[in-house]
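Peer 1: Coordinates only, no sequence provided:
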């Protein structure tokens with residue numbers, strides 16, 4: 001079907017946030033309000049689109065009358081690719097009002113946002129699409145699959161046995177099945193690294209980023225301003241942990257617990273690529289805290305290839321179960337000097353928090 005001639009395609013403005021906020025819950029699901037407790041979807045969009053230290057988002061909207069009927073958002077990020085800083089835009093918030101689907105709105109808004117990103121100097125756009133949008137992006141909109149992602153989880157055995165067999169979780173815990181499972185999958189640390197809760201990222205994170213960034217071939221720039229915007233100023237209530245070796249920063253971890261689902265998430269884990277002790281101390285501390293808080297499972301993502309740093313290796317062990325099919329990371333190159341051949345084959349750092357899923 002052709003696009004309705006009464007539909008206007010343009011970039012969103014701050015005054016559009018209420019309308020966008022009205023649409024987003026339809027695609028974000030029933031637990032979306034957990035992302036902004038005590039606030040509104042418009043407040044969440046205001047943080048995401050118009051307070052990013054890298055720059056304002058490029059948000060394409062289709063408008064009919066006084067209603068926004070379709071949205072595609074592009075959030076600017078700085079990414080180090082082979083130690084060169086590249087401006088990229090993460091795409092997301094794909095939604096079209098059910099009355100206006102299959103009219104080409106999605107494709108037109110993708111083109112609009114990509115054009116705006118190119119005008120601002122972006123080298124590429126990237127997205128973690130679902131199974132519906134992925135074929136459209138790759139077949140019709142010049143996207144390529146840059147990575148495959150495994151969605152992983154750890155499941156507390158006591159809860160699983162209860163759901164499958166009806167045996168009391170309390171009895172299972174008394175028998176020690178949870179303790180045995182945690183001992184098998186959670187890494188041990190040698191005590192050389194201390195881990196404490198964190199309320200905000202200080203200037204030390206800039207020093208840490210500068211020290212470790214050349215160890216990665218593909219990673220979002222994790223400086224102080226970006227980390228505070230993403231995890232501290234965000235309306236979502238994350239748990240933050242920081243690791244020190246003596247007086248020196250050794251890494252950080254970000255987690256999130258869904259109050260309604262009682263599911264934990266490892267959102268971001270970042271250390272020097274080979275620092276197994278820091279990654280182990282952070283991961284064990286965070287997962288122990290979530291499991292003690294009563295979650296029945298812990299979820300995360302790992303790349304299938306290209307990521308063999310300490311954090312990725314330990315996450316594969318700690319969350320051994322995977323969902324099928326795998327997820328995708330799709331890219332569209334906007335700079336003619338960039339192609340798939342310029343992407344590194346190893347040294348990737350790409351986690352849940354580098355997208356907007358949680």
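Peer 2: In hand now; what should we look at? For clarity, every value in this text was computed on a predicted model and none was experimentally measured. Numbering: from 1, shown residues only.
Peer 1: contacts, neighbours, all on C-alpha from now
Peer 2: Noted.
Peer 1: Now do the phi/psi pair for residue 57.
Peer 2: Dihedral pair for residue 57: phi -70, psi 160, per degrees, to the nearest 10.
Peer 1: how many other residues sit next to it?
Peer 2: 25 (other C-alpha atoms under 10 Å).
Peer 1: Equivalent analysis for residue 261, please.
Peer 2: 11.
Peer 1: Could you do the one 10 residues further on as well?
Peer 2: Here the number of neighbours of residue 271 (other C-alpha under 10 Å) works out to 24.
Peer 1: Same question for residue 128.
Peer 2: 24.
Peer 1: Over to residue 10?
Peer 2: So residue 10, with other C-alpha under 10 Å, has 15 neighbours.
Peer 1: After the helix or strand hosting it, heading C-terminal, what element do we hit next?
Peer 2: Assigned by DSSP states H and E, residue 10 falls within strand 7-11. Sequence-wise, the next helix or strand downstream of strand 7-11 (DSSP H and E) is helix 17-23.
Peer 1: Check which element follows that next one along the chain.
Peer 2: Immediately after helix 17-23, counting by DSSP H and E, sits helix 25-28.
Peer 1: what's the neighbour count on residue 132?
Peer 2: Count around residue 132 with other C-alpha under 10 Å applied: 8.
Peer 1: who's in contact with stretch 47-67?
Peer 2: For stretch 47-67, the surrounding residues in contact (C-alpha atoms under 8 Å, 6 or more residues apart in numbering) are 6-12, 14, 19, 68-78, 105, 109-110, 112-113, 116-117, 225-226, 229, 233-235.
Peer 1: quick one: terminal-to-terminal distance for that stretch?
Peer 2: 22 Å (C-alpha to C-alpha, to the nearest Å).
Peer 1: ok now it, how far from the chain's centre?
Peer 2: On the basis of C-alpha atoms, centre = their mean, to the nearest Å, stretch 47-67 sits 19 Å off its chain's mean C-alpha point.
Peer 1: for it, which positions count as buried?
Peer 2: By 16 or more other C-alpha atoms under 10 Å, the buried positions in stretch 47-67 come out as 47-52, 56-63.
Peer 1: Against which helices or strands is the strand holding residue 10 packed?
Peer 2: Contact here means 3 or more C-alpha pairs under 8 Å, 6 or more residues apart in numbering; DSSP states H and E; on that basis strand 7-11 packs against strand 58-64, helix 105-119.
Peer 1: max-length strand in the protein?
Peer 2: Longest strand in the chain, counting residues (DSSP state E): strand 67-81.
Peer 1: related to what we said a few turns ago, buried sites along the strand holding residue 10?
Peer 2: Result for strand 7-11 [16+ other C-alpha under 10 Å]: buried residues 7, 9, 11.
Peer 1: now swap in stretch 242-251 and tell me
Peer 2: Residues of stretch 242-251 classed as buried by neighbour count (16+ other C-alpha under 10 Å): 242-244, 249-251.
Peer 1: returning to that earlier point: and the helices and strands packed on strand 7-11 as TSV, adding mean pLDDT?
Peer 2: TSV is the format used below for those (pLDDT from 0 to 100):
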stretch	mean pLDDT
strand 58-64	96
helix 105-119	96
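Peer 1: Beta-bridge partners for residue 153, please?
Peer 2: Assessed by DSSP bridges, residue 153 has beta-bridge partners residue 299, residue 321.
Peer 1: quick one: contacts for it?
Peer 2: Counted by C-alpha under 8 Å, 6+ apart, residue 153 has contacts 297-300, 319-322.
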